[in-house]
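1. Give me a model of this one.
(3 chains)
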Amino acid sequence: MRSLIPEFEALRARFPAGFASSLVLPCLRRIQEERGYVADEDVEELAAFLGVPAIQIEEVLTFYTQFRRRPVGRWHLQLCRNVSCSMRGGERLIEHLERRLGVRPGETTADGRFTLSTVECLGSCGTAPAMMVNERYVESLSAEAVDALLEELR
Amino acid sequence: MTEIVINDRTIDAQPGQTVLEAALANGIFVPTFCWHPKLSVAGNCRMCLVEVEGRGLDIACNMPVTKGMRVLTDSPEVKAHRKAMLQFITLNHPVDCGICDKAGECRLQDYHYAYNGEPSLSVEPKVRSTKYYNLSSRILLDNERCILCLRCTRFTHEVSKSMALGIEHRGDTSVIRPVADRPLGEDPYSDNIIDLCPVGALQSRQFLHKTRVWYLKPTPSVCPGCARGCTIQVWHRKAEWRVKALDPAQNNAIARVTPLENPAVNGPWICNKGRDLARLLERQRATEPMLRGAPTSLEGALERARELIGAARHPVALVSSWGSNEELEAFRRHLGAVFTSFVKCDAVAEPGERIEDQLLIRADKNPNTAAAEALFGRAEAQLPEGTDLVLVWGEGFDFARLPRGARVLFLNAYLQPENGHADVFLPITIHTERAGHFTNFQGVVSAFQPCFEPPRGAAHAEALFAALAAPARVHA
Amino acid sequence: MAGRQLLMTFPVTESSHRLAEYRARGGYAAIEKALRSMRPEDVTKQVTDAGLQGRGGASFPTGRKWQVVVPGDGQPHYLIANADEGEPGTFKDRWILENAPHLLIEGMLLTAYALDARHCFIYIRGEFDLPYRRIAGAVDEAYAAGLLGERILGSDFSCDLIVYRGAGAYVAGEASGLISSLEGKKGYPRNRPPRLTVKGLYQRPTVVNNVESLSNVTVIVRDGIDAFRAVGTAKSPGTRLFSVSGHISRPGVYEVELGYPWRKFLDEDCGGVLDGRALKAVVPGGISSKILTGADIEHLTLSHESLWEANSTLGSGGMIVVAEGTCMVRLLEIMLRFYHHESCGQCTPCRHGTGWMHRIVARIAAGEGRPEDIERLYYVAKYNDGTTICGLGDAAGYAATGILDKFRDEFEYCIEHKRSRYQGRLE
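-> Below is the predicted model of the structure:
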């Protein structure tokens, strides 16, 4: 986390005085971008830097679905399984990916390339079914489109 | 005054009060799990839902009183909702009261019988969670029993300020968890969360599966651990439940210590040292009067002591700061004119013990320094050359400081090597064996009652002082 | 087009979201006008008189929310745009964030001026990627052009705007949960009182408005009350963005003049039910709004009053079209799985009720239903209604009872025959 401190200082300057606690989410997002996950030492260092209780950071890390305490594969495929996506083939797509990758949601392929996850509504209902590939949305999916994407990402 | 109506009763509420506070202050009971008068309002258990005419149901703990409002705390709607809240709370609760220490003093049990009384409506498997989570060396957490009232987390954030506890995850998998770098074990007030827990989720390791609470009775007492003098309840076996077949030591042992709420001194809290009173008090006791290490009768010891007092020209007394107000007064009355008296610091902080803080803990680790100093002054003890008799009452005196040639009278409760070196040794009782009062550092006087019979051979210091002044019969 | 339009008034191109094009379309004229010739209370009065209702889900009158905040009362006030669009079926704020970010920023400036708010925030859901980049880029453009920051457009009015990203929690879309999240904590909603407009962000008066609501503020100040009220109905002035998904030929975001016939909208504007199937049901505004059958909506219009009469609501504008042949048991299972997953766990009824309902319906869908299950679902829903800290528990109950009210027979069939009448079909 230490290398990010100048960036965090700049961020803090943008917020009104007394808003240090608000920096927990943006700082954790940046730490995760850098490391791929949030480590124990990050929690301690961030708590000390912001002057917030470490437990607040631990709570946040487990409350929000996007934070991770462990690394994921090179490509994190997060498929929506909510109503609109399921109505447009989302469930079949999840099964398709399970077969193609040989993993269940929550698991990572042995080569560390792909982690498969299911998520609730991504707000892509009009372009269902949809998934996130790392930070990016990929929408209007089909089995064929997914296969092509897997080839591209291998 | 804000006039409101609760269940057709007109009540004068204080402006700024909540409906719950106004109801409780006027003897109208509303059940709660998460609400606690000394913690912030969490409003999460939803047990205190009440009906406000024209506004429907809302929680009383977060409802400010407004003039003319009409509240129902027992309407059919309120009762139905209370029942439903208990159905929700017990949905994933293991209902393992049979093996739960909290049984018998558990709010969930009480409310279930009072407001629900029916089996669960659910046939779904329960959400499983950690049964024995190691919160600290003192406290175990059973997440399945936890109802997430967050009293414990709020306590560590708002009262003890250790910030040791939080809630991880969410929904029905939410769990109370300690933070790694600031363990609950470092919070000297941690055990208050055991009392705060309205169910059996937080358990004292010391008390775990030791006894059922209905075998115990609480005796009001005062913690001797520091000059705060927190009022406490010392829990011990009821006379009618004295064990014969099992270890009889249980009959005279402290089972646990809990706070005795006292707005003038400690509020509803005590520190962990007070919980560990057994460790402080239940040491091996001295039960035989001795003359230079040779056992003797109490009468013989007193006779010898009176001789020494009568012969002394420069006697000095070191008075115990653990003596009760009554004992100190008895000493002054009977022996004050004979001895040059100083107040002795009987106990100091143990290594690692918190010395002092803003909440309760005081640096002076003796309960009655205030009363002792009021009678005998604050001067540092002087033992000049020529002192020919030293009366030592209680612990904490370094016998290497004795002036050469001085005789020693020693009154002590515990078995210690120094006992045998005294010219006269007299075993005395401890404060769980007698009634009395302590005066705390603020001048607040609190009473303690006897929990146990003194061991045979130990006499009350009060009686000994009278007998040292003039021959009298002492019962021991 | 479904009636007149106020927001989607320009062709979307590669660059239509940029400041230059927004200005060329007349953008930032409203804030200029307000700073030049209006007092803060005039802005509030305009929005109140225009009858703008919140577009996030609860349809609360926007002006009435603002009136609680007293400009110049000596304490900081905050304005937050709720861009935590997470209600399943809803993706209409995303359209604004991606395509008309300056419309939102201008609306926020006007609102901040009305509320005497020096600092504003856009709380955007953590998953949103392109919408985040677009709005963050627009904020940078606005700062560079002197439209944000100190002494805006040479006036005495200064205003800072921070885009704040969530991290994956539906409940953070509830205004008080959002504030907890923006304070860097888990998104626990708060008990009221106090109202957020009295004690919100860091215990200061805070207004949380939906992205579309704030964008409409720009329109109201720019065009005036009469022009705004001329669109829509008397009880539902203006337009609403509907995001249409599910079994529909042309899914997407549509701006609909309130009062527009519902069936016509689906058949003509959205191209009708997918593959020409019959219309079974429509979720009107996100899964937390009660579902209506094809027959129910036949004569309804898209307006607040029309939906209220039908015992539902326009909600978040997330319309999900369900074709004949869809298994409602499975559909409800997915909805309840969502609420179960998203319950923050703070208060008793929702923490346990959402999971309870989910497990019951999952069991029914798996062919292990019991006759008392339906009654039990109504029980759980009833005691989640009005008993929870926020609306999530209530919403889970509405989703359940909404479907049970209309399609009870499907559940009874599934319980009795141990299988779905429609083989669990969702597509």
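2. Chain C contacts on chain B?
-> Proximity of chain B to chain C is confined to B:41, B:43-47, B:49, B:56-57, B:59, B:62, B:64, B:81, B:84-85, B:87-89, B:91-92, B:121-125, B:127, B:147-148, B:167, B:169-174 under the rule Cβ under 8 Å from any Cβ of the partner chain. To be clear about C-beta, it is placed using only N, CA and C from the backbone, and glycine gets the same treatment.
3. ok, which of the residues you listed also contact chain A?
-> Filtering the residues of chain B next to chain C for neighbours of chain A using Cβ under 8 Å from any Cβ leaves B:167, B:169-170.
4. Chain B contacts on chain C?
-> Neighbours of chain B within chain C, by Cβ under 8 Å from any Cβ: C:169, C:186, C:191, C:193, C:340-349, C:351-356, C:359-360, C:363, C:370, C:376, C:379, C:382-383, C:386-389.
5. so which strand or helix has the residue in the stretch 151-300 of chain C that chain B sits nearest to?
-> Shortest the stretch 151-300 of chain C-to-chain B distance, computed as Cβ to the nearest Cβ: residue-wise this is residue C:191, at 4.1 Å. Per DSSP states H and E: residue C:191 is located in neither a helix nor a strand.
6. re the thing from before, any quick PyMOL command for the buried ones out of the residues of chain B next to chain C?
-> Buried members of these, defined by 16 or more other Cβ atoms under 10 Å in any protein chain shown, are picked up in PyMOL with:
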select buried, chain B and resi 41+43+44+45+46+47+49+57+59+62+64+81+84+85+87+88+89+91+92+121+122+124+127+147+148+167+169+170+171+172+173+174
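7. where in chain B is pLDDT low?
-> Flagging of chain B using pLDDT under 70 yields the residue ranges B:181-182, B:476.
8. which phi and psi does the residue of it most remote from its centre have?
-> Distance to the chain centre peaks in chain B at residue B:54, reaching 45.8 Å (criterion: Cα atoms, centre = their mean). In terms of degrees, to the nearest 10, the main-chain angles of residue B:54 are phi 90, psi -10.
9. now it, nearest residue through space, not along the chain?
-> residue B:70 (7.8 Å; Cβ to Cβ, 6 or more residues apart in numbering or on different chains).
10. what's the burial count for the one you found?
-> Counted by other Cβ atoms under 10 Å in any protein chain shown, the residues lying close to residue B:70 total 15.
11. can you check residue C:316 too?
-> Neighbourhood size, residue C:316 [other Cβ under 10 Å]: 33.
12. go on, residue A:45?
-> For residue A:45, the count of nearby residues is 18 (other Cβ under 10 Å).
13. Strands of the chain, residue ranges please.
-> In the absence of a named chain, this looks at chain A. Counting by DSSP state E, chain A has strands at residues A:75-80, A:114-119, A:131-133, A:136-138.
14. Correction: the question concerned chain C.
-> Listed from the start of the chain, chain C has strands (DSSP E) covering C:77-83, C:117-124, C:160-165, C:206-210, C:239-246, C:252-257, C:260-261, C:279-283, C:292-293, C:301-302, C:318-323.
15. quick one: average confidence on stretch C:124-141?
-> Along stretch C:124-141, the predicted local confidence has a mean pLDDT of 98.
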